[in-house]
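Enquirer: sequence below, structure please.
(2 chains)
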Number of protein chains: 2
Amino acid sequence: MIQILPLRGMGEIEPGSDLAGALLAGLDTSGLALQPGDILVVTQKIVSKAEGRFVELSAVTPGARALELAETTRKDPRLVELVLSESSDVVRAVPGVLITRHRLGLVMANAGIDRSNIGPAGGERVLLLPEDPDGSARALAGAMERRTAVRPAVVISDSFGRPWRHGVVCVAIGVAGLPSLLDRRGDVDRDGRTLEVTQIAVGDMVATAAGMATGEGAEGIPAVLVRGYAVPGEERPATDLVRPLTEDLFR
Amino acid sequence: MIQILPLRGMGEIEPGSDLAGALLAGLDTSGLALQPGDILVVTQKIVSKAEGRFVELSAVTPGARALELAETTRKDPRLVELVLSESSDVVRAVPGVLITRHRLGLVMANAGIDRSNIGPAGGERVLLLPEDPDGSARALAGAMERRTAVRPAVVISDSFGRPWRHGVVCVAIGVAGLPSLLDRRGDVDRDGRTLEVTQIAVGDMVATAAGMATGEGAEGIPAVLVRGYAVPGEERPATDLVRPLTEDLFR
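Expert: As a prediction, the model looks like this:
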């Protein structure tokens, strides 16, 4: 049995907050203690908040390219400037939509920059993705280990749209302590045939499973414990889930 | 708490198999009984098998377009003919890769046609997707209700590659008894802001969460019970998850 356990009572996370401490408080409030094999799934938003990844829009001066794309997309030119500064490529820009390849390799709307649920004073404040989510995940796993003597796996999750599907699911943007991608090349099925599906996006599956419990902001569940999911294989970072543009098979 | 409970002991599923009976046997073997609110996630493979969606490749005569695409993709021309007959558009054809839009709207490799794990005699036999997976899900929910007096929600899952991500996750190709897509347009977050993410692909999230337990064939876990996930809203079929090509924002 795999269990998906929402963590309540973590309190508000702010720049400089002790995220490991908040997770411990959340575990405690939820009547849980870390066990070997546990996976902590933490939403990107609170990692970014704790790391102080806020930007005041009033401090941003849009350049020529941002002004042009802001007109196309009908978005705030300052937001577009930030999106471009976070991105390596523009994938799609039409009215209401700006999809880019984030410097981390993630293809997503607005480079993952968030305006909702970032505090009452956040009207003109936006929140960027963590600088190095795999590093954030490893640091959090280490901090939890120092304080509980159990090193959990950590997945930092974000919600993502998909090209051919309505609605969002979650993906892993940071992973520590488990293989983000499980390679089964060479394995055979029960009839001795080589498996057709050879790579499983374990990190994204864990993030999405946890997403059933975090919901989308209104519930205020920023982290989830996934228990009972034993993944074979060595640690691989979330960056291993990124398919290079040159390998894109769908276009 | 949400629980992901693998069903063991379902036995082999063959054309004409009583799938509801097999699920009941699986629940029983696993020490489970259906409860209100339960979601049964059933892999596409056993639904297709029970519905007899096998095709003998030796009975397929490839046409001109199939021969041409088989040369491009280096695939069996008879398989390519079947893929084309199941599809409305070819999205990508390069050596080793044939991605199409299935007539159900699903953009996937080989129109979801499966060669692995379809029985020892299946060397030249392939398995198509169910004819009407939403209908299959509704029929299964009804059959379970008749035999247990509890009507579960049912999700029929399949594994899917993604354009910009390595590895597969799962999607819902058939849904009964829950909203495949949860529309939160107009909801506000805890600070009173309108949510940026307004549609959640609940069906795909449930399918992916269950995918942690089904694995990819070698484990022989063809169905999973998801317990404790309360989804608000009315039933919406899996076809609501399909984004029309004209709305594709990513290309």
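Enquirer: name the spans of the stretch 51-200 of chain A whose pLDDT lies under the cut-off.
Expert: A:116-123, A:186-197 (pLDDT under 70).
Enquirer: which residues touch the residue of it at minimum distance from chain B?
Expert: Nearest to chain B in the stretch 51-200 of chain A, going by Cβ to the nearest Cβ, is A:Gly167, at a distance of 3.2 Å. In short, each C-beta sits where N, CA and C put it, glycine included. A:Gly167 makes contacts with A:161, B:181-182, B:199-202, B:204, B:241, as judged by Cβ atoms under 8 Å, 6 or more residues apart in numbering or on different chains.
Enquirer: what about the residues you listed, which are in helices?
Expert: Mapping the contacts of A:Gly167 onto helices (DSSP state H) picks out B:202, B:204.
Enquirer: just the buried residues out of the contacts of A:Gly167, in PyMOL syntax.
Expert: The following PyMOL line selects those of the contacts of A:Gly167 that are buried, judged by 16 or more other Cβ atoms under 10 Å in any protein chain shown:
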select buried, (chain A and resi 161) or (chain B and resi 181+182+199+200+201+202+204+241)
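Enquirer: okay, the contacts of A:Gly167 in CSV with distance to B:Ala109 next?
Expert: Putting the contacts of A:Gly167 into CSV (distance: Cβ to Cβ, whole Å) gives the following:
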residue, distance to B:Ala109
A:Gly161, 21
B:Leu181, 24
B:Leu182, 28
B:Gln199, 25
B:Ile200, 26
B:Ala201, 20
B:Val202, 24
B:Asp204, 17
B:Leu241, 18
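Enquirer: residues contacting stretch A:15-27, please?
Expert: For stretch A:15-27, the external contacting residues (Cβ under 8 Å, 6+ apart) are A:7-11, A:13, A:33-34, A:40, A:42, A:46-47, A:49-52, A:54, A:140, A:143-144, A:147-148, A:223, A:225.
Enquirer: check which residues of the longest strand seen in chain A are buried.
Expert: Counting residues, the longest strand found in chain A (DSSP state E) is strand A:165-176. Using 16+ other Cβ under 10 Å as the test for burial, strand A:165-176 gives A:165-176.
Enquirer: can you map out the strands along the stretch 151-251 of chain A?
Expert: A:153-162, A:165-176, A:182-183, A:199-200, A:223-227 (DSSP state E, counting those that start in this stretch).
Enquirer: quick one: mean pLDDT over the last one.
Expert: For strand A:223-227, the mean per-residue pLDDT is 98.
Enquirer: using PDB, list the CA coordinates for that strand.
Expert: Presented in PDB, the C-alpha positions along strand A:223-227 are these (Å, rounded to 0.1, in the frame of the first residue of the first chain):
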ATOM      1  CA  ALA A 223       3.600  19.400   1.400                       C
ATOM      2  CA  VAL A 224       2.700  15.800   1.400                       C
ATOM      3  CA  LEU A 225       4.300  12.600   2.800                       C
ATOM      4  CA  VAL A 226       4.300   9.700   0.300                       C
ATOM      5  CA  ARG A 227       4.900   6.400   2.200                       C
END
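Enquirer: give me the contacts around stretch A:94-103.
Expert: A:69, A:72-75, A:80, A:83-84, A:86-93, A:107-112, A:129, A:245, B:164, B:249-250.
Enquirer: ends of that stretch, what's the gap?
Expert: 21 Å (Cα to Cα, to the nearest Å).
Enquirer: how distant is that stretch from the center of its chain?
Expert: 17 Å (Cα atoms, centre = their mean, to the nearest Å).
Enquirer: how about that stretch: buried residues?
Expert: For stretch A:94-103, a neighbour-count test (16+ other Cβ under 10 Å) marks A:97-102 as buried.
Enquirer: got the domain ranges for chain A?
Expert: Per automatic domain parsing, the structural domains of chain A span A:3-52+A:130-243, A:55-126.
Enquirer: most tightly packed of those?
Expert: Ranked by mean neighbour count, the domains of chain A are led by domain A:3-52+A:130-243 with a mean of 21 (mean count of other Cβ atoms under 10 Å in any protein chain shown).
Enquirer: ends of that one, how far apart?
Expert: End to end - Cα to Cα - domain A:3-52+A:130-243 spans 30 Å.
Enquirer: what's the span of stretch A:97-113 from first residue to last?
Expert: 13 Å.
Enquirer: can you pull out the helices in the stretch 1-150 of chain A?
Expert: A:19-29, A:44-50, A:64-73, A:77-86, A:133-148 (DSSP state H, counting those that start in this stretch).
Enquirer: mind putting the ones you listed into a markdown table with distance to B:Ala213?
Expert: Output for those, formatted as a markdown table (distance: least, Cβ to Cβ, whole Å):
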| stretch | distance to B:Ala213 |
| --- | --- |
| helix A:19-29 | 24 |
| helix A:44-50 | 26 |
| helix A:64-73 | 41 |
| helix A:77-86 | 36 |
| helix A:133-148 | 23 |
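Enquirer: now the closest residue to A:Asp132 other than its chain neighbours, which residues is it bridged with?
Expert: Using Cβ to Cβ, 6 or more residues apart in numbering or on different chains and skipping residues adjacent in sequence, the residue nearest A:Asp132 is A:Gly174, 8.0 Å away. Beta-bridge partners recorded for A:Gly174 (DSSP bridges): A:Ile156.
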